[in-house]
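Student: sequence and predicted structure, then a few things I'm wondering about:
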Amino acid sequence: MMVRSGNPAVRLGTLISAVLLLLLGVGGTGWSQSAPPTLGLQEQGPQAAPSPSTPAPSAAPAGEENPGLINEMGKLFDKLPSILPPIKSPSETMNDLSRLARPSTMVSGRVACPVSSSGGPDCKLAANQLCQGKGYREGKSLNTDSAEKCSAKVLIPGRQRKPDDCRTDTVVTSALCQN
């Protein structure tokens, strides 16, 4: 079916007619009337009872999990109590806030941080000493200063430096003190 016309509207109409004829099966290559496309769907009609020779379809075991998104989200919600910290009661929250809001004063000075058992400086002890020297009960370190102190041996020309020749001293320079 070849129609040549100078009018583009006539050519388009002819093309559309040819496509429709092919789809409707007039051209012989369309779908047959007895088996239309199902697009993955099946009709739900009355089902015949299975014959004794045909095994019945087995039901899914009750303990089997469905690996879908909703199931996975449910597992996540089950784990939340172990992931999140416990929620405090309103009275516990108010106690924490009142403890933080106690009157405090910032003081300055220089107290050396003693070396802890782990080898690092213990500046909490030094902050307490600084605050107690100013008449307060306890303190929290705000600022520290560190300096490397070396023995005179490191100045000897040609001498190899040893690990115990120098140490780092840390001092608390300001602390937040509370009564």
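Tutor: Noted; the coordinates are in hand. The structure presented is a predicted model; accordingly, all values stated were derived computationally and were not measured.

Student: where does pLDDT dip in this protein?
Tutor: For the chain, the stretches flagged by pLDDT under 70 are 1-66, 100-101.

Student: quick one: the strands in it?
Tutor: 104-112, 138-150, 166-178 (DSSP state E).

Student: can you tell me which of the ones you listed is most buried?
Tutor: Stretch with highest mean neighbour count among the strands of the chain: strand 166-178 (a mean of 18; mean count of other C-beta atoms under 10 Å). C-betas here are computed from N, CA, C, even on glycine.

Student: okay, the angle between that one and strand 104-112?
Tutor: Computed with axes from the mean of the first three to the mean of the last three C-alpha atoms, to 10 degrees, the direction of strand 166-178 lies at 160 degrees from that of strand 104-112.

Student: pull the residues that contact strand 166-178.
Tutor: With C-beta atoms under 8 Å, 6 or more residues apart in numbering as the test, strand 166-178 has contacts from 102-113, 121, 123, 126-127, 130-131, 134, 136-151, 154.

Student: same thing with stretch 134-152?
Tutor: With contacts defined as C-beta under 8 Å, 6+ apart, stretch 134-152 is touched by 105-107, 109-110, 113, 121, 123-124, 126-128, 130-132, 165-179.

Student: same thing but 6 Å
Tutor: Contact partners of stretch 134-152, identified using C-beta atoms under 6 Å, 6 or more residues apart in numbering, comprise 107, 123, 127-128, 130-131, 165-179.

Student: residues in a beta bridge with Cys177, which ones?
Tutor: Thr105, Gly139 (DSSP bridges).

Student: what's the spacing between it and Asn128?
Tutor: Separation of Cys177 from Asn128 (C-beta to C-beta, to the nearest Å) stands at 9 Å.

Student: and Pro67, by the same measure?
Tutor: 57 Å.

Student: ok, now Arg110?
Tutor: Distance, Arg110 to Asn128, using C-beta to C-beta: 15 Å.

Student: who has more neighbours, Pro67 and Asn128?
Tutor: Between Pro67 and Asn128, counted using other C-beta atoms under 10 Å, the more crowded position is Asn128 (20 against 7).

Student: ok, Ala126 to Arg102 distance?
Tutor: According to C-beta to C-beta, Ala126 stands 21 Å off from Arg102.

Student: who has more neighbours, the two?
Tutor: Neighbour count, other C-beta under 10 Å: between Ala126 and Arg102, Ala126 has more, with 24 against 8.

Student: pretty sure that one sits against Cys113.
Tutor: Yes - if you go by C-beta atoms under 6 Å, Ala126 and Cys113 touch, sitting 4.3 Å apart.
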